[in-house]
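1. One predicted model, sequence on top.
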Amino acid sequence: MSVPDSEWIDASLAAWRFTAQEITGAAVGSFDAVFFDDDCVLTSANAFTANASAEVIWTTAPHTGGVTLPDGQVMPAGVASFASAEGARAFFVMSTPSVWRAGGVTNDALGLETMMTGVLLHEGAHVAQLGAYGAGIAAIVAASPLPDDEVGDDMVQILFGENSEFAASVARETELLMQVTETRDQAEARRLALEARELMRARRARWFSGENAYLAEAEDTWLTLEGSGQWVAYQWMVHPSGGGAESDVAMANFARRGRWWSQKEGIALAFAVDRLAGFDWKRHAFGDGAMTLTQMLDAALANEE
């Protein structure tokens, strides 16, 4: 593997250790990490749990265009980053910057490597969360009439993305939640959060009924996972000891970039909870999974009554 790719892996794992210690408090059990470039695969069982780069134990193997995953499946060796927890085996997979660059992925404002470290932190957070939120995800899969491979973080948008009223409400909820962090007035922040929650409740009451009733819990779960994943990546990007990016640059080019509701409303919800909670919300989001972000916001608002 090239020196730049190897250095990016080490730096990104160091960023993971930093966020776990300084930002989230996330702890993970043992799981396989798989990194690959255009002809080499690196696998480690302790990459995310080692205390330093020197302690990571790597297994290396060549590939000829197909990467064998820990569950035995073979995937094309292209641009990729994801966490999986099929059955009892959890693992993380990501291709290196050289593969992303060859695939045409860029981020001129942040730099490709910095953006990719944010992606790694996002997906790594999911591995830490799967134990806590996994049972809820399994219940969503069981409740959904959709095929299992269509149940995921973007399922609400896939189902309702063409519904202009639904989409308009999601956009307004997201904007209100973002405004919670932009005002210094606590009473105004509370008012904005309450308005967003009322819109969310009205939207769900109208469209999440009958066979779609399970979508309320599904949406809460995906907003929590995607929102907290985006949040921790953003926090590392703007931290002086992390990515060192300007907040407006990281916001525009990572936190609010893209088209998926689960990430955009999710991070807005995480920002609002972080502003209003008054309790250690991260021990739930990255630890015990006792509450979703929406439930945490409700608890924060109830505390201020």
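-> Alright, I've got the coordinates. Being a predicted model, the structure only gives us computed values, none of them experimental.
2. Which helix or strand contains residue 33?
-> strand 32-36 (DSSP states H and E).
3. Next: residue 162.
-> Per DSSP H and E, there is no helix or strand for residue 162.
4. For it, grab the count of nearby residues.
-> 9 (other Cβ atoms under 10 Å). Every residue, glycine included, has its C-beta placed from N, CA and C.
5. quick one: pLDDT of it?
-> Residue 162 is assigned 97 on the pLDDT scale.
6. Neighbours of the closest residue to residue 130 other than its chain neighbours, how many?
-> Nearest in space to residue 130, with sequence neighbours left out and distances taken as Cβ to Cβ, 6 or more residues apart in numbering, is residue 85 at 4.3 Å. By other Cβ under 10 Å, the residues close to residue 85 number 16.
7. Equivalent analysis for residue 247, please.
-> 11.
8. Would you check how far apart the nearest residue to it once chain neighbours are set aside and residue 154 are?
-> Distance criterion Cβ to Cβ, 6+ apart; nearest residue to residue 247, sequence neighbours excluded, is residue 238 at 5.0 Å. Distance of residue 238 to residue 154, computed by Cβ to Cβ, to the nearest Å: 26 Å.
9. now do residue 172
-> According to Cβ to Cβ, residue 172 stands 20 Å off from residue 154.
10. hmm, back to that, from memory the residue nearest to residue 247 sits against residue 246, does it?
-> Yes. Counting by Cβ atoms under 8 Å, residue 238 touches residue 246, with 7.4 Å between them.
11. higher neighbour count, the two?
-> residue 238 (18 against 13).
12. residues in contact with that one?
-> Residues near residue 238 by Cβ atoms under 8 Å, 6 or more residues apart in numbering: 244, 245, 246, 247, 250.
13. and which of these is nearest residue 159?
-> Comparing those against residue 159 with Cβ to Cβ places residue 250 closest, at 30.5 Å.
14. centroid residue for the protein?
-> Taking Cα atoms, centre = their mean, the centroid of the chain lies closest to residue 229, which sits 2.7 Å from it.
15. Where does the prediction get shaky in this protein?
-> 86-88, 304-305 (pLDDT under 70).
16. Domain map for it?
-> Listed domain ranges for the chain are 3-129, 145-303 (source: automatic domain parsing).
17. which stretch among those comes nearest residue 135?
-> Nearest of the domains of the chain to residue 135, taken as Cβ to Cβ: domain 145-303 at 8.5 Å.
18. which SSE is the residue nearest to the centre of the chain in?
-> Assessed by DSSP H and E, residue 229 sits inside helix 215-238.
19. how far is the next helix or strand after that helix from where the chain is centred?
-> Next along the chain after helix 215-238, taking DSSP H and E as the criterion, comes helix 247-250. Averaged C-alpha coordinates place helix 247-250 at 18 Å from its chain's average position (Cα atoms, centre = their mean, to the nearest Å).
20. so the lengthiest helix in the chain versus helix 215-238, what angle?
-> Using DSSP state H, we find that the single longest helix of the chain is helix 112-143. Orientation of helix 112-143 against helix 215-238 (axes from the mean of the first three to the mean of the last three Cα atoms, to 10 degrees) gives an angle of 170 degrees.
21. Whichever helix or strand comes after helix 112-143 packs against which elements?
-> As assigned by DSSP H and E, the chain's next helix or strand after helix 112-143 is helix 155-160. Where contact means 3 or more Cβ pairs under 8 Å, 6 or more residues apart in numbering; DSSP states H and E, helix 155-160 is packed against helix 215-238, helix 261-276.
22. Could you give the separation of the last one from the chain centroid?
-> Put plainly, it is helix 261-276. That offset, for helix 261-276, works out to 11 Å (Cα atoms, centre = their mean).
23. Check the longest one too.
-> Shown here is helix 215-238, whose average C-alpha point lies 5 Å from the average C-alpha point of the whole chain (Cα atoms, centre = their mean).
24. C-alpha coordinates for it, PDB please?
-> The C-alpha coordinates for helix 215-238 follow below in PDB (Å, rounded to 0.1, in the frame of the first residue of the first chain):
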ATOM      1  CA  LEU A 215     -42.000   4.300  10.500                       C
ATOM      2  CA  ALA A 216     -42.100   6.700  13.500                       C
ATOM      3  CA  GLU A 217     -39.700   4.500  15.400                       C
ATOM      4  CA  ALA A 218     -37.700   3.800  12.300                       C
ATOM      5  CA  GLU A 219     -37.300   7.500  11.600                       C
ATOM      6  CA  ASP A 220     -36.200   8.200  15.200                       C
ATOM      7  CA  THR A 221     -33.600   5.400  15.000                       C
ATOM      8  CA  TRP A 222     -32.100   6.500  11.700                       C
ATOM      9  CA  LEU A 223     -32.100  10.200  12.700                       C
ATOM     10  CA  THR A 224     -30.200   9.200  15.800                       C
ATOM     11  CA  LEU A 225     -27.600   7.000  14.100                       C
ATOM     12  CA  GLU A 226     -27.100   9.300  11.100                       C
ATOM     13  CA  GLY A 227     -27.300  12.500  13.100                       C
ATOM     14  CA  SER A 228     -24.900  11.500  15.800                       C
ATOM     15  CA  GLY A 229     -22.500  10.000  13.200                       C
ATOM     16  CA  GLN A 230     -22.500  13.400  11.300                       C
ATOM     17  CA  TRP A 231     -22.200  15.300  14.600                       C
ATOM     18  CA  VAL A 232     -19.000  13.500  15.800                       C
ATOM     19  CA  ALA A 233     -17.400  13.800  12.400                       C
ATOM     20  CA  TYR A 234     -18.100  17.600  12.300                       C
ATOM     21  CA  GLN A 235     -16.900  18.000  15.900                       C
ATOM     22  CA  TRP A 236     -13.600  16.400  15.000                       C
ATOM     23  CA  MET A 237     -13.300  18.500  11.800                       C
ATOM     24  CA  VAL A 238     -13.600  21.800  13.600                       C
END
